[in-house]
Structure formats: C-alpha cells, structure tokens
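Peer 1: Task: produce atomic coordinates for the following.
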Amino acid sequence: MKTISIIVLIILANGLFNWLSNLPHDIGNDIPQGKLNSLSFAPYRDGQSPLEGKFPTAAQIDADLALLADKTYSIRTYASSESEMASIPALAQKHGLTMTQGAWLNSADKDNQQEIKVLIHAANTYPDVVKRVIVGNEVLLRKDLKIDQLINYIRTVKKAVKQPVSYADVWSIYMKYPQLINEVDFVTIHILPYWEDDPVTIEKAPEHIVNIYKKVQEKAAGKDILIGESGWPSAGRQRGSAVPSVVNEARFIRELIQLANKNHFDYNIVEAVNQSWKSDLEGVVGANWGLFSADRTEVFPLTGSVYETPLWAVGLFQATGLFLFITLCFWRQIKELATLHPAKLGVFLVFGQLLSALLVDEVNWLWVTSFNDWQRVYAVTASLLSTVMAGLFLHRAYTLLTQSVTVRSGAWLYTLYMIFVGFALYKTYGIALDGRYISFPYLTTCIPVIGIICLMVVGYFMSDRRFSLRLFSLNELTGVMHPPFKINELQFSELATAIDSSERLRNISELIGHSAVDQLQDKVLGYLMFITGLALLVIAVALLVGETYAYTQGGDLILAYPEPSDLVWRAFILTVSNEQLIKWFLSLIVLAIPLLTNGCTKRD
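Peer 2: Numbers count the residues shown, from 1 in each chain. Modelled structure (predicted):
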C-alpha cells in the first residue's frame, strides 16, 4: 500500500506541475471580428515543395482558401505561373477574398517572363480580386538580380496593368536602393523583428516596427507603405532574446493589429499556413510562421486566451502511461527498494517519472519538427536510443541504491553515452561554423544529460556524501570496471598476430603480464576519455565564439555599433542572452564531466 501511495503521489505532483506550467495566457485585445487584413498564402502541404517541383492541386488550394476566408479579408501570393497557382484568383473570388498577387523572380529571365505574363493576365482578368501586384520578392536580398534588371521588370508590369505595382524586400533594401521608390506605386517592406541583425525581443517589437516604418516613411516621397511581411515564429531556434513560441507569435500579431489601427498602417501577416519545405532552407524556425499548422490545424486563436501547448494534457497522459509501464517492468526492483528504505523507493520512482516526462517531450518534439523522410528516420532513431538509455539509467539507479553489481547493462549504458557524446560533438561543430538555421538539440540529449546528473547525485549520497572524482567518472556512473570496447588477453594476442604475421608480438601479454596489458589499456583509454571530454569543452567555447562572430557580420549591427569593441560586446550579449544556446552549452559541460574525471582517475 505504501508503494502504491508513493506512485499515486508522484503522478498527482507531475499532473499539478504540468497544469501550472500550461495555464492559458491572456495576451491582450482580441483581433476585431477575428479576421486579419491580409495573410501571406503559400498552399504547400507536407511532401510538397517548389524546390522539388511538387505542387498542390487546385482542389487543395480551394480547400485552403475556404479555411482562410474566416481568418482574413485578403491574401498575398508570391508566384503566379507555377503549376496550379494560376487558379488562385478565380478561387479567391469564389470565397470572397481579394489579393495582392506576386510574381516570383529569380536569375532566369525565361522563368521571369512567364511569371510576369501570367501575373498581367490575372490582374487584367480579375480586377475586382487582384487589387495590387508585387513584382519580385527579396530578389535583391538574395542577389538573384541587379537593380537595373529588376526595374525593367517593374516597368514592364506597370505598363500592362491598372493596379498599383510594387516590389517587396526587407526594409533596409529600400534604404540601400532609394531609386526603387521612384519606380513603384507603393513601397512594400518586410519588418521581421526576429530576423533583424540585432534581434528584437517580443516586448520591444511594436516599438521597433514604428521606428522602422517612420524611417522608411521619411524616404518614401509621400508614397503609401505596405508592411508586406511581419510576423513571429511559433517554434525553432532562438536568436538573442527573440524567442520563438506560440504565445509570442499570437502576442505579436495582436499587438501589430492594434499598432496598425492606431497608426493607420497597411499590413500583411506572414503567414497563413506553416510551410514544411522551408525547413530545408531555414530549419525548424522557417517552417513555423503560420496561423495554421501544415496539417491545417489552428496553431492559436485570434481571439481569447492562448495556450503555449494546447495538447499538454495528451503529453501528460502519455508520460503517466509510460511511468506506469515502467513501474510494471521494474516491479521486482521496486518491491526490493520498498524493503530497504522509503527514501530509496521515492528516489527511484521520481527518477522514473522524470525520465518518462523527458522522453515524451523529446519524442513529441522530434516528430513534430520532422518534415521529410530523413528527418523522420533521425527522429525515430534518436527516440529509440533515448528510450533504451532511459531504461538503462533506471537499472543503474537501482544498482546504486541497492549497492549491487551490474556488468552487461553498464556496458550498454557506457556505449550509448559515447554515441550521444559523438552526436553532441558533430551537431555543435555544425552550429559553431554556420548555425543560423540549426536548432540547438538540447532536447535530443536531455535523457543522457539529466540521467547522468541524477546518477551523480545518487552516487554521491550512497557514498555517505564523501566527495571523490571517481564518483563522477563514466566507469563509476555506468557501473563498469572497464570500458566495454576494451580487448582481453586473447583478443590482444590475435591483434598482435594480425599486425605482425611473424608472430613476434603474439606472446607480448605473456612477456609483460596480463595485468600490465590491462594497465596499459586503462591508461590509453583514460587519455582518450580525457581528450574527448576536453574536446566537448573546446567545442562548447567554439559555440560561443562562432555565435558571437556571426552577429558581428550583420550589416545593420555594424552600422549601429561602428566601434569594434562595442560591436563585439553587443554580439557577445546577444549570444549569452540566448537561453537555448546556454542550455546546450551547459549540456555539453555536463556530458564532458564524466569523461574528464574518467580520464583523470585512469591517468592517476
């Protein structure tokens, strides 16, 4: 009965924690009528991508526009001729939507001419639907065209349509090429606080938008200004203190609408639907800017309270079910712990609940941020490895609490730990070199990181709180006397024979003694562990350096901080204010500790 009571208490405590962590957020005034002025619309679904030439059908576009008709009065499109994109004006008319229609330009003149031809035809055929047109999107930012080439395309369209014509790019492009203002009928700028060279926090985003709008207005020669793209990501990589989240996206949009109404700004929100294909270009964050998910589920409402994790109760149910399954699998061990001391039983069960919750969070996150087959294979593989490792951590906790011996499971735990260390080194190397679009994978390593910390704590208390480096070594924590890949005397002799066919080395273990071979291998492996741990520390520092350096290359940041020392300091502040980066940095440190102490104790 005592055991059951502890289990129930832990489940209730976890439920209370989840409930308190997922209370609804009141983020301000509702959007009037629950509808937006305009939404960017790209109709791609999972498995579809303009990069691969896989396009949605007219029926799918029709279904999307029926969905959006309840959320917006108008849509902005980016391409006119690709596949079924030409059907959008007629379908928009069917659902009572107006359009700002775009022509997608790139470096290929043949493609551009086709885009412009279809754009002109749509504008002239559906003048009551296509209210204005945009020739090109961020083509100067991507450096696909030169300014004179772009201007020629704009002039071609202006001669052929009656609607106002513009070009869309980040706001700084209009500052760099003021001649564009003379060519367009209205100025279309993108203001994305998250993507600024000096990322803007959600709290300062409204002020930032007003400042940028006024700056462009001073140069716009009295022409109308359209904020052609503004929004906030709901998930993905943090930049400085700009945190992607569902609540922040909802807050940004509602505050932007209030700002637009107060200042009479014309705006378009990016975007209607999450675009999975953008993950190939911009990682997880690029695929999560929509009001709707890729499967057309509402990410957040335009009115009322907002939940960061609307389905948190489902995750709680999954974690509880997994915890109960674990208690069944370890019931014999649980009964034994119950006979020793209630505290030991409580520690084991709390550890099991913690690992269950972490594992569910990891698996769910990996799956929802997998957008193609390779990413799904990675998600399944990482989830399986984490599941096995969680079970091994629990078994090792049991052996520590009962002061029993484990060999085989310890060898597996040791091996899995080294696999995750290798993964951490590989991912951090990529982030340090060019990590603008790479998410910090701290959730992928949460099981080894939290698991090893818990084993350190349990091992410390089971040693009567006597501090020793050996307590934190990988061998001690995993419960193996020697690394699982260490070779025995027979293997050593066979290896020697393979190296020297004359068998001069065959009996080396007999000459120097088997214990000496053991000591030699222990010393070599100790050095290897130490070097690996040191590599984790070095690459953790490289992560900070690489992130700081990347910020110093931002053109707008350089203009804002012309003094090199001020520029570097500001870049460093942006780096260390990134909570996701700090979580990953600390994860690397934790992973390094058992390797460094293992190396130190082996060398001693």
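
Peer 1: So in this protein, where's the weakest helix or strand by average pLDDT?
Peer 2: The weakest-scoring helix or strand in the chain, judged by mean pLDDT, DSSP states H and E, is helix 508-512 (a mean of 41).

Peer 1: what separates the nearest residue to Phe292 once chain neighbours are set aside from Trp584, distance-wise?
Peer 2: Spatially, and ignoring its direct neighbours in sequence, Phe292 is nearest to Val273 (4.8 Å; Cβ to Cβ, 6 or more residues apart in numbering). (Glycine included, C-beta is placed from N, CA and C.) Per Cβ to Cβ, to the nearest Å, Val273 is found 30 Å from Trp584.

Peer 1: Then Ala319?
Peer 2: Taking Cβ to Cβ, one finds Ala319 at 23 Å from Trp584.

Peer 1: Could you break this structure into its assigned domains?
Peer 2: 1-22+309-401, 27-286, 405-444+472-604 (automatic domain parsing).

Peer 1: can you give me the end-to-end distance of the shortest one?
Peer 2: Domain 1-22+309-401 has its terminal residues 21 Å apart, counting by Cα to Cα, to the nearest Å.

Peer 1: Tell me the gap between it and the middle of its chain.
Peer 2: Mean-position distance between domain 1-22+309-401 and its chain equals 23 Å (Cα atoms, centre = their mean, to the nearest Å).

Peer 1: again, but for stretch 17-24
Peer 2: Distance, centroid of stretch 17-24 to centroid of chain: 22 Å (Cα atoms, centre = their mean).

Peer 1: residue ranges with poor pLDDT in the stretch 401-550 of the chain?
Peer 2: Filtered on pLDDT under 70, the stretch 401-550 of the chain yields the residue ranges 406-407, 481-526.

Peer 1: Please, where are all the strands along it?
Peer 2: Taking DSSP state E, counting those that start in this stretch, the stretch 401-550 of the chain contains no strands at all.

Peer 1: what's the answer for the stretch 151-300 of the chain, then?
Peer 2: Counting by DSSP E, counting those that start in this stretch, the strands of the stretch 151-300 of the chain are 165-170, 187-190, 225-230, 266-269.

Peer 1: And these: which comes nearest Asn106?
Peer 2: Of all those, it is strand 165-170 that lies closest to Asn106, at 14.1 Å by Cβ to Cβ.

Peer 1: Tell me which strands the closest one pairs with, and in which orientation.
Peer 2: When pairs are called by DSSP bridges, strand 165-170 turns out to pair with strand 130-137 (parallel), strand 187-190 (parallel).

Peer 1: on that earlier part again, do you know the pLDDT at the residue nearest to Phe292?
Peer 2: pLDDT for Val273: 97.

Peer 1: isn't it right up against Arg296?
Peer 2: Yes: counting by Cβ atoms under 8 Å, Arg296 is a contact partner of Val273 at 6.9 Å.

Peer 1: Look at these two and report which has more neighbours.
Peer 2: Val273 (24 against 15; other Cβ atoms under 10 Å).

Peer 1: wait, what's in contact with the nearest residue to Ile75 once chain neighbours are set aside?
Peer 2: Once flanking residues are discounted, Ile75 sits nearest to Phe41: 4.1 Å by Cβ to Cβ, 6+ apart. Contacts for Phe41 (Cβ atoms under 8 Å, 6 or more residues apart in numbering) come out as 64-65, 68, 75-77, 88, 271-273.

Peer 1: Can you give me every residue that contacts the residue most central in space within the chain?
Peer 2: When Cα atoms, centre = their mean is applied to the chain, the residue found nearest the centroid is Gly236 (3.2 Å). Shown in contact with Gly236 (Cβ under 8 Å, 6+ apart): 244, 283-288, 439.

Peer 1: can we see that at 10 Å?
Peer 2: Each residue near Gly236 by Cβ atoms under 10 Å, 6 or more residues apart in numbering is listed here: 194, 243-245, 279, 282-289, 369, 437-439, 580.
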